[in-house]
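In: how does the following fold in three dimensions:
(chains A and B)
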Number of protein chains: 2
Amino acid sequence: MGGGIIIKASIKDIAKKANVSVSTVSRVLNNSKYVSEELKERVLAIVKETGFKPNLVAKGLVNKKTNLIGILIPRISNNFFAKLIEGTEEVAQTYGYNILLSTSYNDLQREIEYLNIFEDRQLDGILFSVTEFTEEHRAFFERTTLPTVFIGQKLEQQEKYPYVTIDNVKASYEATKYLINQNHTKIAILAGPESDTATGTYRLQGYKDALEEVGITANPLWQSMRFHTIEDGYIATSKIMSQVDKPTAIFACSDQQALGAINYLHEYGYRVPEDISVMGFDDVDLASIFRPKLTTVKQNPVDIGATAMRLLIDQMKNIEIQSKENFIPYRLVVRESTKKL
Amino acid sequence: MGGGIIIKASIKDIAKKANVSVSTVSRVLNNSKYVSEELKERVLAIVKETGFKPNLVAKGLVNKKTNLIGILIPRISNNFFAKLIEGTEEVAQTYGYNILLSTSYNDLQREIEYLNIFEDRQLDGILFSVTEFTEEHRAFFERTTLPTVFIGQKLEQQEKYPYVTIDNVKASYEATKYLINQNHTKIAILAGPESDTATGTYRLQGYKDALEEVGITANPLWQSMRFHTIEDGYIATSKIMSQVDKPTAIFACSDQQALGAINYLHEYGYRVPEDISVMGFDDVDLASIFRPKLTTVKQNPVDIGATAMRLLIDQMKNIEIQSKENFIPYRLVVRESTKKL
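Out: Numbering: from 1, shown residues only, chains lettered A, B, ... in the order given. The predicted structure follows:
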């Protein structure tokens, strides 16, 4: 147990012990030139014995590789992103990459800061769940040489990099269409914040498209644009439900907001779905055990994360990317929180 | 917009442009020796103009600093750990550190692998939510020179490093005691896996202590030791409730397992808490909006993460750590899922 002094062997010590030159040890460790099997075994035995570790940092400097992937997401405590990270990590581990994790909390300035850190650290690539693609983002991605894959939304504003997402306009259109087919015409929406293209712009668009198709103009008083937290869903619903004219259905663009909505509705004596239907989005773990079980749009974040990481690794290996646009399947899961009028 | 060629300025280019030596530029960038204000400004203006970025990887090699902290946790999709990461990241960002995230899925071999990667990468420190402290762990931590803080459990098996946790034995004792005070004597426990010291050993211990104090011997048929997922809680409860002699209360050592338990109970026609009380542990976001609202032991994972990161940074700066043992407060939150008999 006692505190013995830890001796770190250097490559010189190993060379001396094996009675070979430093460059021979280096060749063995890098597997780079012909070395006889006998010599290789002898050197490796001593390496093992001494517990010598090659300096990966120095090695990275020579290779120009850090084997680090930077991942930039809005919030890790959102179950969708946590699962997405799990998907990326499984693939990364297989290929010997590690993950540098950064969260932006939807703060655009913080996003830019982290991107610059990724570049300064000379990471091998970036996975980026971008919130809003600003001029600063554009400038960064036009300048940088780091392979990148965008996740979570379609990015028409840039030509260079692929993105992995679901078709948010279409998915939102179909969710709203489902409510319309259940005879709802007074449908509120809890969208994402205005700056969030995927859930603030595209999902709002799909909702409006479905309503317009049947001749309904979306009521701006029934639209909220807030973050995807339980609390924000609660507040949004309180504002919508305090109006004289109330909707019969609420389409929340995340399960988090849907849970907040249901929480508000229960607290104020509304029954879900008897008095009001609530539709979610994502299908987080809890959607199926919450009471009532959530009707929602099922995304597969593990698959999105894994696909994005695979595309990034292809890029890093200079394998040509088949298509910039990579849509992952989704599907509507009908459970108990919505009801036909 | 068009694809202009990106020219990366080197330190030589800057020296030439500023008409100074390379070492002067280097001194300015590293703020390391006296340079006149005039010269400093001139060099920095050119640095800015050229968009030059100092090579952080090479710099790290000289400094022997990577400014990277390795975090090793069992599972990021568990809300407790996601929040813990948020706590660590806030502190890390303030001090200019980034996070290398790794998840073990409670696989001990994978833990050892990641620890070795942390060492190979010469990270500046480790935050480790250890599952079980095996001989291999001991060997690693006796050998390594990396500053480390353990999170989530008391670690008496090692002398070297501090740990940040709640007092798991005491918290579990108090939770069980609460159920006993509500006149429950037939209390089941959904503990963590055997290999998990915090939730498998210590929380089981606290539960047994409370029962023994009132002369009850814990019934081994009412003990389960599984992972902290909704599914595992469901399965554990199905096994316990299929016995002839049934408990009147279930103490789940995580909210995840408690939610799984309630899900099973609802499915099989039991009312919670009228027919059976369920106590959770953690107080995840959903505990207060789930129906029934969960009675649970509230931990503060953001605080645990932030405290651990601060302790790690102190260690890295060679500031003496006050105490190896760092307990974070917790408290019992009584809501609707438990009832007096």
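In: helix or strand next in line after the lowest-mean-pLDDT helix or strand in chain A, which one?
Out: With mean pLDDT, DSSP states H and E as the measure, the helix or strand of chain A carrying the lowest mean pLDDT is helix A:56-63 (a mean of 58). On the C-terminal side of helix A:56-63, the closest following helix or strand by DSSP states H and E is strand A:68-73.
In: show me which residues of the helix or strand that that following strand is followed by are buried.
Out: Per DSSP H and E, the first helix or strand lying C-terminal to strand A:68-73 is helix A:79-94. Across helix A:79-94, burial judged by 16 or more other Cβ atoms under 10 Å in any protein chain shown covers A:79-89, A:91-93. (C-beta placed from N, C-alpha, C; glycine too.)
In: pLDDT and distance to B:S102 added to those, as CSV?
Out: Formatted as CSV, these follow (pLDDT from 0 to 100; distance: Cβ to Cβ, whole Å):
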residue, pLDDT, distance to B:S102
A:N79, 86, 19
A:F80, 89, 20
A:F81, 92, 17
A:A82, 93, 14
A:K83, 93, 16
A:L84, 95, 16
A:I85, 95, 11
A:E86, 94, 12
A:G87, 95, 15
A:T88, 95, 12
A:E89, 93, 8
A:V91, 94, 14
A:A92, 94, 10
A:Q93, 90, 9
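In: save those as TSV, and put in distance to B:N263 too.
Out: Compiled in TSV, the buried residues of helix A:79-94 are given as follows (distance: Cβ to Cβ, whole Å):
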residue	distance to B:N263
A:N79	17
A:F80	21
A:F81	24
A:A82	20
A:K83	19
A:L84	25
A:I85	25
A:E86	22
A:G87	25
A:T88	29
A:E89	28
A:V91	31
A:A92	33
A:Q93	32
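In: let me see the ranges of the helices in the stretch 1-150 of chain A.
Out: With DSSP state H, counting those that start in this stretch as the definition, the stretch 1-150 of chain A shows helices at residue ranges A:11-18, A:22-30, A:37-50, A:56-63, A:79-94, A:108-120, A:135-143.
In: one more: the stretch 151-300 of chain A?
Out: Assignment of helices within the stretch 151-300 of chain A using DSSP H, counting those that start in this stretch yields the ranges A:168-181, A:203-213, A:230-241, A:255-267.
In: would you turn the helices of the stretch 1-150 of chain A into CSV with distance to A:L179?
Out: What follows is the helices of the stretch 1-150 of chain A, written out as CSV (distance: least, Cβ to Cβ, whole Å):
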stretch, distance to A:L179
helix A:11-18, 67
helix A:22-30, 61
helix A:37-50, 65
helix A:56-63, 53
helix A:79-94, 22
helix A:108-120, 33
helix A:135-143, 34
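In: return the most buried member of those helices.
Out: Taking mean count of other Cβ atoms under 10 Å in any protein chain shown as the contact definition, the stretch among the helices of the stretch 1-150 of chain A with the greatest mean neighbour count is helix A:79-94, which reaches a mean of 22.
In: contact residues of the stretch 201-341 of chain A facing chain B?
Out: The stretch 201-341 of chain A has residues A:I230, A:L259, A:G260, A:I262, A:N263, A:H266, A:D285, A:L286, A:I289, A:F290, A:R291 near chain B, with proximity defined as Cβ under 8 Å from any Cβ of the partner chain.
In: what sits against the fourth one?
Out: Looking back up the chat, that one is A:I262. Counting by Cβ atoms under 8 Å, 6 or more residues apart in numbering or on different chains, A:I262 makes contact with A:V272, A:V278, A:F290, A:P292, A:S337, B:I289.
In: just give me the closest of the residues you listed to A:Y173.
Out: A:V278 (18.3 Å; Cβ to Cβ).
In: how's chain A carved up into domains?
Out: Residue ranges for each domain of chain A read A:11-54, A:66-165+A:301-329, A:168-298, as given by automatic domain parsing.
In: and A:E336, how far from A:T295?
Out: Relative to A:T295, A:E336 is positioned 7 Å away (criterion: Cβ to Cβ, to the nearest Å).
In: which one's more surrounded, these two?
Out: Here A:E336 and A:T295 are compared on neighbour count by other Cβ atoms under 10 Å in any protein chain shown; more neighbours surround A:T295, at 26 against 14.
In: contacts only, for the more buried one.
Out: By Cβ under 8 Å, 6+ apart, A:T295 lies in contact with A:S277, A:V278, A:M279, A:G280, A:L332, A:V333, A:V334, A:R335, A:E336, A:S337, A:T338.
In: one more pass at 6 Å, please.
Out: Each residue near A:T295 by Cβ atoms under 6 Å, 6 or more residues apart in numbering or on different chains is listed here: A:M279, A:V334, A:R335, A:S337, A:T338.
In: could you check the pLDDT of it?
Out: Each residue has a pLDDT score; the one for A:T295 is 97.
In: so it bridges to which residues?
Out: In this structure, A:T295 has the following beta-bridge partners (DSSP bridges): A:M279.
In: near the residue lying closest to A:I85 once chain neighbours are set aside, how many other residues are there?
Out: The shortest distance from A:I85 to any residue that is not its chain neighbour, by Cβ to Cβ, 6 or more residues apart in numbering or on different chains, is 5.4 Å, and that residue is B:I76. A count of nearby residues for B:I76, using other Cβ under 10 Å, gives 26.
In: B:I76 is in contact with B:T103, isn't it?
Out: Yes - counting by Cβ atoms under 6 Å, B:T103 is a contact partner of B:I76 at 5.4 Å.
In: buried set for the one helix or strand A:I304 maps to?
Out: With elements taken from DSSP H and E, the one containing A:I304 is helix A:301-316. Neighbour counts over helix A:301-316 (16+ other Cβ under 10 Å) mark A:301-302, A:304-316 as buried.
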